[in-house]
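# Following is a predicted model, sequence given first.
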Amino acid sequence: MRRSVLCALSCAALSAALPVASASAPEPREASRVPFAARYESVQHGGVVRAANSSAKGAKGTESVNDDATIAYVDVDNDPNTYNSSRAELAVPAGARVSWARLYWGGNLRVGEQKPPEDNGRVLIAEPGGQYKALLADTLIGHRTADGADAFQASADVTELVRSSRPGQWTVAQVNVAMGRSAVGGWGGWTLVAAYEKASEPLRRIGVWDGFETVGPHSGELRVPLDANRYGKDTNGSLGVIAYDGDRGTSGDYLAVETNRSKSVRLSDSANSADDVMNSSITEFGAGRTVRSPDGTNTLGYDSDVFDLRGALRDGADRVHVRSGSRKDTVWLGALFFQADVRR
């Protein structure tokens, strides 16, 4: 696996600089299906945090499903050289050391316009208080045309950048998403996931799994084995998910955790119902608002949610597997991130 390519540049120089960067380190190939596999696993005192936001918005204040909606770009940076940008805070605890970090981004290339897939593996990223840097994907890019959509997800390692940054909001721009109107709607966004170490926090098992898979009435259910370790009763834990084209108000999609052969718990909270869990939201433990700009409650087809696993782990576990499915809509799954206390 190649390391990601980060280079400091001004936005005005982006169009000239990116071809040079990709010539020195060509972008990885694409695949319509990328099976889920472990990206990062560790047992350490610390945890996992994430920042996330949407790159698309409703052109007329859409607050329901994004199907047939007119989609516009989010653009918060006041820079005329970017056509989309959004911000969100990565809440690494004070005194912690970032041990690993990765940026995930993706969306729909076909809405009213058709975006070229050659740009799927390129974005701009700026640390809090910093300048934009060009970031190129460093791993297999998921890209699949199905059910009227042209969807993709790319990612790149940003550990060194995150480790050396100061606290605050991160900005990600130029996510290759399309605007306009189509039967399936437009969507797109990004999530920055970081694992950290801090001696004063509990010893935890931490893992991130990623891929590019669809679930839906034609593609069936996805099952991802996350962890084969045993956990005692009342273990604290959390599970995060990144997904695309989950429509708010369209029931039938679920995210479930299996802890042994007979027990399966569907995840839900005050912001995500058990039967509409992919509902165009960015939430943590049911809190509908995180520190980000913009901070709308409906992210129009982009989900980046963190769920409390105490209910699923109440009776203990001899494994942690995740199941996801959708009876009505096609949903594109991009990543899962997990933490659980090893001892309390």
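Okay, I see it.
# Now do the buried residues in the strand ranked longest in the chain.
Using DSSP state E to assign secondary structure, the strand with the most residues in the chain is strand 34-54. By neighbour count on 16 or more other C-beta atoms under 10 Å, the buried set for strand 34-54 is 34, 36, 39-40, 42, 44, 46-54. In short, each C-beta sits where N, CA and C put it, glycine included.
# Next up, the contacts around Ala72.
Ala56, Lys57, Gly58, Ala59, Met179 (C-beta atoms under 8 Å, 6 or more residues apart in numbering).
# Quick check: closest non-adjacent residue to it.
Leaving aside its sequence neighbours, Ala72 sits nearest to Ala59 (C-beta to C-beta, 6 or more residues apart in numbering; 4.2 Å).
# what pLDDT does that neighbour get?
On the pLDDT scale, Ala59 is placed at 76.
# The longest strand of the chain: partners in the sheet, and parallel or antiparallel?
strand 188-197 (antiparallel), strand 203-215 (antiparallel) (DSSP bridges).
# hang on, the residue nearest to Ala72 packs against Val74?
No. Applying C-beta atoms under 8 Å as the test, Ala59 and Val74 come out as separate, 11.3 Å apart.
# which of the two has more neighbours?
Val74 (25 against 15; other C-beta atoms under 10 Å).
# Which members of the contacts of Ala72 occur in strands, if any?
Ala56, Lys57, Gly58.
# can I get the residues you listed in CSV with neighbour count and distance to Gly334?
CSV is the format used below for the ones in strands among the contacts of Ala72 (neighbours: other C-beta atoms under 10 Å; distance: C-beta to C-beta, whole Å):
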residue, neighbour count, distance to Gly334
Ala56, 29, 16
Lys57, 24, 20
Gly58, 18, 22
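# Check which element follows whatever helix or strand Gly325 lives in along the chain.
For Gly325, the host element (DSSP states H and E) is strand 320-326. Scanning forward in sequence from strand 320-326 by DSSP H and E, the next helix or strand is strand 331-341.
# Given that following strand, what are its sheet partners and their directions?
strand 203-215 (antiparallel), strand 237-244 (antiparallel).
# Just name the most buried of these.
strand 237-244 (a mean of 23; mean count of other C-beta atoms under 10 Å).
# Toward the C-terminus, what is the element adjacent to that strand?
strand 253-258.
# Not counting residues beside it along the chain, what's closest to Asp126?
Not Asp; residue 126 is Ala. Thr171 (4.3 Å).
# what are the pairing partners of the host helix or strand of the one you found, and which direction each?
Assigned by DSSP H and E, Thr171 belongs to strand 169-173. Using DSSP bridges, strand 169-173 pairs in its sheet with strand 85-89 (antiparallel), strand 122-126 (antiparallel).
# Keeping just the C-alphas, turn the last one into CSV.
What follows is strand 122-126, C-alpha atoms only, in CSV (Å, rounded to 0.1, in the frame of the first residue of the first chain):
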residue,chain,number,x,y,z
ARG,A,122,-8.3,14.0,-5.0
VAL,A,123,-9.4,16.4,-2.4
LEU,A,124,-8.1,19.4,-0.5
ILE,A,125,-7.6,19.3,3.3
ALA,A,126,-6.7,22.0,5.8
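# returning to that earlier point: let me have the strands paired with strand 169-173 in JSON lines, adding mean pLDDT, distance to Val175 and mean neighbour count as columns.
Shown next, in JSON lines, are the strands paired with strand 169-173 (pLDDT from 0 to 100; distance: least, C-beta to C-beta, whole Å; neighbours: other C-beta atoms under 10 Å):
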{"stretch": "strand 85-89", "mean pLDDT": "98", "distance to Val175": "9", "mean neighbour count": "24"}
{"stretch": "strand 122-126", "mean pLDDT": "98", "distance to Val175": "6", "mean neighbour count": "23"}
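# Can I get the ones you listed in CSV including distance to Val241?
Below are those laid out as CSV (distance: least, C-beta to C-beta, whole Å):
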stretch, distance to Val241
strand 85-89, 16
strand 122-126, 21
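# re earlier: could you dump the strands paired with strand 331-341 to JSON lines with distance to Ser264 and mean pLDDT?
Formatted as JSON lines, these follow (distance: least, C-beta to C-beta, whole Å; pLDDT from 0 to 100):
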{"stretch": "strand 203-215", "distance to Ser264": "16", "mean pLDDT": "97"}
{"stretch": "strand 237-244", "distance to Ser264": "14", "mean pLDDT": "97"}
